[in-house]
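Undergrad: From the sequence below, what's the structure:
(chains A and B)
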Amino acid sequence: MIRRAMLALLCLVPAAALVRAQQVSFDRLLHPEKEPQNWTSYSGSLFNQRFSPLTQITTANVKNLDLQWVWQSKSLEKFEATALVVDGVLYTLQGPPVQGVYEVVALDAVTGRPFWTLEYKPQLAARTCCGRVSRGLAILGDTLYMGTIDAHLVAIDAKTGKIVWDVAAAKLGEKVTEKYAITHAPVVVKDKIIVGMAGGDLGVRAYISAFDSKDGRELWRFYTIPGKGEPGNETWSGNSWETGGAGVWNSGAYDAETNLVYFGTGNPAPDWDGRERLGDNLYSDSVVALDADTGKLRWHYQFTPHDEVDYDSTQVPVLADIPWQGKLRKVMLWANRNGLAYVIDRTSGEFLLGKPYVKVNWMDGFDPKGRPIRIPGQIPTPQGTLIMPTVLGATNWAPPSYSPRTGLFYVSLWENTGTVAVEGGRPRAAGIPNGTPMGQATLTPNFKKEEEGYGAIRALDPKTLDKKWEFKMNDITWGGVLTTASDVLFSGGKEGYFFALDARSGDLLWKVPLGGQVNSGPMTYSVNGKQYVTVAAGSSLFAFALRP
Amino acid sequence: MRALTTSVLVLLAALLAGGPVAARPQHDTAADIDDGGRVFRDTCANCHGPDGDEVAGIDLGRGVFRRAKTDQDLVQIIREGIPGTAMPASNFAAAQAEQIVAYLRSVAAGKRSASGLGVIDRGRAVFDGKGACATCHRVNASGARLGPDLSNIGQLRRAVELETSIVNPSAEVLATNRTYRVISKDGTTTTGRLLNLDSFTVQMLDSKEQLRSFEKSTLRSYGFVDQSPMPSYKDKLNAQELADVVSYLVSLKGRVTP
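TA: Predicted coordinates for the structure are as follows:
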């Protein structure tokens, strides 16, 4: 009898381990390397390297990956979120269909069985330009944080799925409030939850705000467009700054040493017609470095001054310490939608290096301060000008990866793409004869020739920004990149494959067709010594592990 | 920069290519242009003509307007009409009107049908008889599947484009109608209409109307066939026959449900 009871108890141990308190201190978020079994923030660390120390899945055995479980969402929106895993529990969410609800779930990371599901309905007036998506949750303590397309910030009890607090992050009384949205995973810094407002294409004046993690009180706000009298406001003609966009719709990074939080900002509005907003249009298409305690701007770097081609700079900032001219240097790596890759000193904002990483025809070189030198005439014209890369970018929001082991920066990108930019009109498609350019959940046929545009994973050497290798796809990709300490790289694309590459050579090691477009960034975790890797495709989340 | 030239030309050519209808994104796509063209031919062409030049003083396909100066002007006119003229207001959403404008802007200026007016019934007879078009094409579930189904080609293409396709089939091939060829490791060649292409596989309808799927790793070679498999009818049809066939094709607007 006692023996049977003991056996029963032993059986309970793993389950108990799974549900042990998911108290995630900020120190845990700062040091994810101490708990490689977990994935505690959107890109795995506040440096956004999307690199995991896990090594069970190797270049030799990755071919033995097997499906473990699938979670299917009700919503058929693009599934762009990267899940979090804390001590055996996986948290993720899926964006709401029109008039529908967000689904926020806590799943057993081993079996995919749900602990709880929260359905959250945004206001019907919520508007987004490009999909009712969410790219992820954040966690602090035992609370999850979600931004919504109606610009609410919601705190959720990680153990029960009940709402702890829910604040309108774009407060009533704000001009064009209904045009704001939050589509990215919030960034946790100390006791603050930091989010940026999307809506640049809808003519908002966007901002980044920090909220008190305990009660949702707004603690500071930084407008991505300076107000009247503030430095930078003079870069907008007339009153164009009031509706100048510069939305923020992807996660930022945080460096505890500098206490700076870094976010990329979006295009100036209106997107394609700069005649009413003459000037550089600061701080659109920039990276801004803000004091995490006060929200004060410490430095900025503008990637595309006076953008008329919609080159949002909302890529995920990747922080790394790399050898640079004989010394270790604290840098930020950035593959931008405008087709240029950058190395920037993240302590000062100094431009160190910039170089096209795809075909670019709107600029040729940089001035000594790192300002791109435009090619005359490569601007929107009445008859249309072909500008490369496309308005949808050489890359877009899909999160890249940096491996400290290989020292390489991995980017999912589009090559050979362009847009015909028309003065005063909408840009015309070029190079994507049959695309679903903003991404879809379901598969769409592809007929493209390589010269009309293709997707790829490219490994760039941060010291030179030269290409080390490339893995080509026939179709374009919205898939993010994950690398591991066993030099395995995971990604996917619009073709619906999830695949593994050798991070050192780019050789294909394994692939599986998932039946829907991969619009997410993969992540990995382990439970009870078994490593899993997940990716969302279509409107479902898939988990793989090595077969026994 | 020289390397860019080829890509630029190819990309510009791709402007004219079509594809499946997709959810409308924030920018004009080939699908937007296709959708706009469809609406134009269904609605606007009733008064403006299939080439947009049948109202005096207006040539929509060449950017000749009486009042509009910008895309926004055109969208407004499409939606609100012009009071006191024959141009009525419409129920089009702004996005639909923008697609029509995208289509008009994409139409190659200066290209016009040279074949004049034809007679639909005579064109049907040429299509079924001398032209033997049904050997490859299908209309309302009759004919072969090797070439594009033409049941609603009148909604998809303008007269000038149809005429070009008949006399010079390789001049412009929609992306959805491209021909692909694979050669297996044992040397067997299969050619067909490309249905889908990804990094690892190819799907096509082969010359025997069989659905075929190939893994690239099993092939010796694979690639697009640039020349259209359709023969030119330049010297096979006289001008009147050509005009008749074009008129017949323009009349094909999809199966009418009883």
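Undergrad: Now do stretch B:119-128, average pLDDT.
TA: The average pLDDT for stretch B:119-128 rounds to 94.
Undergrad: If you could redo that for stretch A:67-74, that was the one I meant.
TA: The model assigns stretch A:67-74 a mean pLDDT of 97.
Undergrad: B:S217: what secondary structure?
TA: The three-state label given to B:S217 by DSSP: H, G, I helix; E, B strand; the rest coil is helix.
Undergrad: Touching, it and B:F200? I think so.
TA: Yes. Between B:S217 and B:F200 there is a contact at 7.2 Å, judged by Cβ atoms under 8 Å. Heads up, the C-betas are built off the backbone N, CA and C, glycines and all.
Undergrad: who has more neighbours, the two?
TA: Applying other Cβ atoms under 10 Å in any protein chain shown to B:S217 and B:F200 shows that B:F200 carries more neighbours, namely 17 against 9.
Undergrad: mind listing what that one touches?
TA: Contact partners of B:F200, counting by Cβ atoms under 8 Å, 6 or more residues apart in numbering or on different chains, are A:Y497, A:K511, B:E215, B:K216, B:S217.
Undergrad: okay if I get those as TSV plus distance to B:I183?
TA: Below are the contacts of B:F200 laid out as TSV (distance: Cβ to Cβ, whole Å):
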residue	distance to B:I183
A:Y497	24
A:K511	23
B:E215	14
B:K216	11
B:S217	14
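Undergrad: Which members of the residues you listed are classed as buried?
TA: With neighbours counted by 16 or more other Cβ atoms under 10 Å in any protein chain shown, the contacts of B:F200 contain buried members at A:Y497, A:K511.
Undergrad: Now flag whichever of the contacts of B:F200 is closest to B:V182.
TA: Using Cβ to Cβ, B:K216 is the member of the contacts of B:F200 that lies nearest B:V182, at 8.3 Å.
Undergrad: From chain A, how far out is that closest one?
TA: For B:K216, the distance to chain A (Cβ to the nearest Cβ, to the nearest Å) stands at 10 Å.
Undergrad: ok, that residue touching B:Q203?
TA: No. Using Cβ under 8 Å, B:K216 is not in contact with B:Q203, being 11.7 Å away.
Undergrad: Tell me where the model's unsure across chain B.
TA: By pLDDT under 70, the low-scoring segments of chain B are B:1-31, B:107-116, B:255-258.
Undergrad: quick one, strands of it?
TA: Using DSSP state E, the strands of chain B run over residues B:138-139, B:142-143, B:179-184, B:189-197, B:201-206, B:211-215, B:219-225.
Undergrad: Any chance of JSON lines for these, columns distance to A:V527?
TA: JSON lines is the format used below for the strands of chain B (distance: least, Cβ to Cβ, whole Å):
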{"stretch": "strand B:138-139", "distance to A:V527": "55"}
{"stretch": "strand B:142-143", "distance to A:V527": "59"}
{"stretch": "strand B:179-184", "distance to A:V527": "44"}
{"stretch": "strand B:189-197", "distance to A:V527": "38"}
{"stretch": "strand B:201-206", "distance to A:V527": "34"}
{"stretch": "strand B:211-215", "distance to A:V527": "35"}
{"stretch": "strand B:219-225", "distance to A:V527": "41"}
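Undergrad: Quick one, which of those gets closest to A:G199.
TA: Proximity to A:G199 (Cβ to Cβ) singles out strand B:189-197 among the strands of chain B, at 36.1 Å.
Undergrad: Tell me how far the closest one lies from the chain's centre.
TA: In terms of Cα atoms, centre = their mean, to the nearest Å, the centre of strand B:189-197 is set 20 Å apart from its chain centre.
Undergrad: now swap in stretch A:194-201 and tell me
TA: Here stretch A:194-201 is found 13 Å from its chain centre; the criterion is Cα atoms, centre = their mean.
Undergrad: what do you get for stretch A:417-425?
TA: Taking Cα atoms, centre = their mean, one finds the center of stretch A:417-425 at 26 Å from the center of the full chain.
Undergrad: and that stretch, does that touch chain B?
TA: Yes. Stretch A:417-425 reaches chain B (Cβ under 8 Å from any Cβ of the partner chain) through A:T417, A:G418, A:T419, A:V420, A:V422, A:G424, A:G425.
Undergrad: Contact partners for A:A181?
TA: A:A181 neighbours (Cβ under 8 Å, 6+ apart): A:A126, A:R127, A:T128, A:T148, A:I149, A:D150, A:A151, A:M197, A:A198, A:G199, A:W249.
Undergrad: so which of these would you say is closest to chain B?
TA: A:T128 (10.0 Å; Cβ to the nearest Cβ).
Undergrad: residue nearest the centroid of chain B?
TA: B:R157 (4.1 Å; Cα atoms, centre = their mean).
Undergrad: where's it relative to A:N528, distance?
TA: Counting by Cβ to Cβ, to the nearest Å, the gap between B:R157 and A:N528 amounts to 61 Å.
Undergrad: A:Q325 too?
TA: Look at A:Q325 and A:N528: by Cβ to Cβ, they are 45 Å apart.
Undergrad: between the two, which one's more packed in?
TA: Neighbour totals were compared for A:Q325 and A:N528, and A:N528 leads with 12 against 7 (other Cβ under 10 Å).
Undergrad: Isn't that one up against A:V110?
TA: Yes. Look at A:N528 against A:V110 with Cβ under 8 Å: they come within range, at 7.4 Å.
Undergrad: Could I get the buried residue list for stretch A:283-299?
TA: Neighbour counts using 16+ other Cβ under 10 Å place A:283-290, A:292, A:295, A:297-299 of stretch A:283-299 among the buried residues.
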